[in-house]
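Novice: Next input, structure requested:
(one chain, ligands or ions: 1)
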Amino acid sequence: MPVALICHGGAGNWRPGSEQDALDGMEAAAQRGRSILRAGGAALDAVCATVAALEDNPIFNAGTGAVLNFDGDCELDACVMESRGARAGAVAALKRVRNPVLVARKVMEETDHVMLAGEGAQRFARTMGFGDHDPVTPARLGDWRDKRAHLDQVLGRHSLKMRRFLAEHPEYAGGTVGAAAVDAEGVLAAATSTGGVTMKLVGRVGDSPIPGAGNYASAHVAASATGTGEYVMRALATRSISEAVERGAALPNALRDVLDRLGRDYDADVGLIAVDRAGNAAALHRTRDMPHAWFTGEAALVARMRVA
Ligand code: ASP
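Specialist: Numbering: from 1, shown residues only. Next comes the predicted model:
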């Protein structure tokens, strides 16, 4: 079976000057997954290695360098899913861990549950040997201070709604990471990790840890979504891609249909990536940028800032 992997670094607007760093980061992370798949490794190992590399890269909104919530803290969401046995594991609003995606994998492999949240997720992470790690970077803290100042100006004090602010400051959106892969045995896997949306309310959980919303793997498709999670959740975007492919749609058409629906119903600022069982990869987004990298079969790795 032909192997394939695609990964994204979040739908949004990248700040001018940061594009090359984003592309280099995508390429290096995808390379990790590619080495695993080409050595006959599992899709699950490949997507976890890719996403963990992106979590460790502070320019992306996941793991170290994730965006901060309203109180100036990182609350991290992540999910892994594998087609074999339709297994899934997730963490939500998890604090002080370096690689949430690896904790999500442990939830899948070591518990009877699919998702652990908040304090319980953190306690589980420690039990599994994940040490204390502060993901807040000086750059994100500076951003947060700046945002809080802007927020007061734009919305007035104590506003609980961020839509207007983000519409006026699209440079503050994006940076979630995700990967989807198919291995030589035809097993599909997807992984997604995020700090969520900037200045989110404390306790807010997005689409990324929810199987079928921000992350999904079935016997047909593995997919990851990015962008405002409140829309992705309501549309069950990644599950919808899988259903379209199951009904016979070609992968690019399935992504197009789901993205069009997100546009029609919500005018949503979102992006999608996916691979199918035959080893095809596809990406599509409604934002200006969505750094992504992919390879299929024997072909070389390609990294791009946006889908042409
Ligand atoms: N989907 C993520 C969330 O809503 C954010 C993003 O992808 O930019 O938590």
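Novice: So Asp71 sits against Gly203, correct?
Specialist: No - applying CB atoms under 8 Å as the test, Asp71 and Gly203 come out as separate, 10.2 Å apart. The C-beta positions use only the backbone N, C-alpha and C, and glycine is treated the same way.
Novice: isn't Asn99 right next to Thr50, touching?
Specialist: No - with contact defined as CB under 8 Å, Asn99 does not count as touching Thr50 (11.8 Å).
Novice: between these two, who's got more neighbours?
Specialist: Higher neighbour count among Asn99 and Thr50: Thr50, with 30 against 24, using other CB atoms under 10 Å.
Novice: can you tell me the helix or strand for that one?
Specialist: Taking DSSP states H and E as the definition, Thr50 sits inside helix 43-56.
Novice: what's the answer for Thr226, then?
Specialist: Applying DSSP H and E, one finds Thr226 within strand 221-227.
Novice: Relative to the whole chain's centre, how far out is that strand?
Specialist: Centre-to-centre, strand 221-227 and its host chain are 7 Å apart (CA atoms, centre = their mean, to the nearest Å).
Novice: same deal with stretch 196-216?
Specialist: Stretch 196-216 sits 9 Å away from the centroid of its parent chain (CA atoms, centre = their mean).
Novice: Tell me, how many residues neighbour the residue in the stretch 1-150 of the chain that the ligand sits nearest to?
Specialist: Here the residue of the stretch 1-150 of the chain nearest the ligand is Gly10; by CB to the nearest ligand atom that distance is 5.0 Å. Gly10 has 26 neighbours, counted by other CB under 10 Å.
Novice: what's the straight distance from one end of stretch 1-20 to the other?
Specialist: One end of stretch 1-20 to the other measures 33 Å (CA to CA, to the nearest Å).
Novice: ok, then the element right after the lowest-mean-pLDDT helix or strand in the chain?
Specialist: Comparing every helix and strand of the chain by mean pLDDT, DSSP states H and E singles out helix 163-168 as the least confident one, with a mean of 66. Next helix or strand after helix 163-168 toward the C-terminus (DSSP H and E): strand 177-182.
Novice: isn't the residue of the stretch 1-150 of the chain closest to the ligand right up against Ser193?
Specialist: No - the pair Gly10 and Ser193 does not pass the contact test of CB under 8 Å, sitting 10.4 Å apart.
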